[in-house]
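Enquirer: Any chance you could fold what I've pasted below:
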Amino acid sequence: MVREQEFRDFFSAEYPALRGLAYLLTRDWTQAEDLAQEAMVRTYRAWSRIRDRERPAVYARTVLVNRHRSLLRRGAIEARHRFAGRDEPQTSHEGREDRIVVRDAIGRLPIRQRHAVVLRYFEDLPESEVAQIMDCPVGTVKSLVHRGLRRLRAGLDPAAGPSIDEPRNADASLATAEGTP
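Expert: Residues are numbered from 1 along each chain as shown. Sure thing, here's the model as predicted:
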């Protein structure tokens with residue numbers, strides 16, 4: 001009885017964030033709900049094992065990210081996507097266009113960069129926790145986040161051109177290095 005109440009409290013506190021994370025990864029509310037529910041079911045099955053030793057929220061996020069990767073490998077996301085048409089319910093239109101533009105830009109990132117950026121900045125997790133969830137070294141997370149943010153900046157503001165540390169083209173960087181304008 002105590003186990004069930006502990007899990008209910010955990011579910012109430014963590015499900016909305018888990019569903020939001022899943023949406024940012026899949027860009028589809030139906031798939032996000034499925035992933036979040038499956039992550040919670042698997043977390044419940046392991047509850048007696050993880051509630052004391054590990055942080056259950058980290059376990060649930062790890063399950064969600066790994067399950068999403070697995071679905072991508074099998075191609076199930078594309079098959080389900082044809083039948084899903086539900087969109088996020090909106091209560092306010094303030095900033096809606098900005099959210100849509102950012103969400104679409106995130107959706108164009110390669111999957112590992114998307115996972116790293118979403119976990120790091122939307123879930124506000126430290127790099128070490130992102131590395132644990134993604135099962136990779138912290139340096140890899142830093143690299144993925146760096147590249148992902150660079151792509152997002154370029155995708156959100158194409159007029160901005162390359163970043164300061166990237167030359168516009170090889171000839172321009174060579175001319176600058178040789179001292180010619």
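
Enquirer: any idea how far residue 44 is from the residue nearest the centre of the chain?
Expert: Residue closest to the average C-alpha location in the chain (Cα atoms, centre = their mean): residue 118, at 3.1 Å. Distance, residue 118 to residue 44, by Cβ to Cβ, to the nearest Å: 24 Å. For glycine as for every other residue, the C-beta is placed from the backbone atoms N, C-alpha and C.

Enquirer: how many neighbours does residue 125 have?
Expert: 20 (other Cβ atoms under 10 Å).

Enquirer: Please read the previous query as pertaining to residue 11.
Expert: Neighbours of residue 11 using other Cβ under 10 Å come to 15.

Enquirer: Where does the record place the domain boundaries for the chain?
Expert: As assigned by automatic domain parsing, the chain contains the domains 1-83, 95-181.

Enquirer: Could you say which of the ones you listed is packed most deeply?
Expert: Counting by mean count of other Cβ atoms under 10 Å, domain 1-83 has the highest mean neighbour count of the domains of the chain, with a mean of 16.

Enquirer: how far does it sit from the chain's center?
Expert: Distance of domain 1-83 from its chain centroid, counting by Cα atoms, centre = their mean, to the nearest Å, is 13 Å.

Enquirer: Show me what the mean pLDDT comes to for that domain.
Expert: If you average the pLDDT over domain 1-83, you get 84.

Enquirer: And for stretch 144-162?
Expert: Averaged over stretch 144-162, pLDDT sits at 79.

Enquirer: quick one: contacts of it?
Expert: Here stretch 144-162 makes contact (Cβ atoms under 8 Å, 6 or more residues apart in numbering) with 101-102, 105-106, 108-109, 112-117, 120-121, 127, 130, 163, 168.

Enquirer: so the residue lying closest to residue 138 once chain neighbours are set aside, which of the three states?
Expert: Excluding the flanking residues, the one nearest residue 138 by Cβ to Cβ, 6 or more residues apart in numbering is residue 131, at 4.6 Å. Here residue 131 is recorded as helix under DSSP: H, G, I helix; E, B strand; the rest coil.

Enquirer: Likewise for the one 5 residues further on?
Expert: Taken by three-state DSSP, the conformation at residue 136 corresponds to coil.
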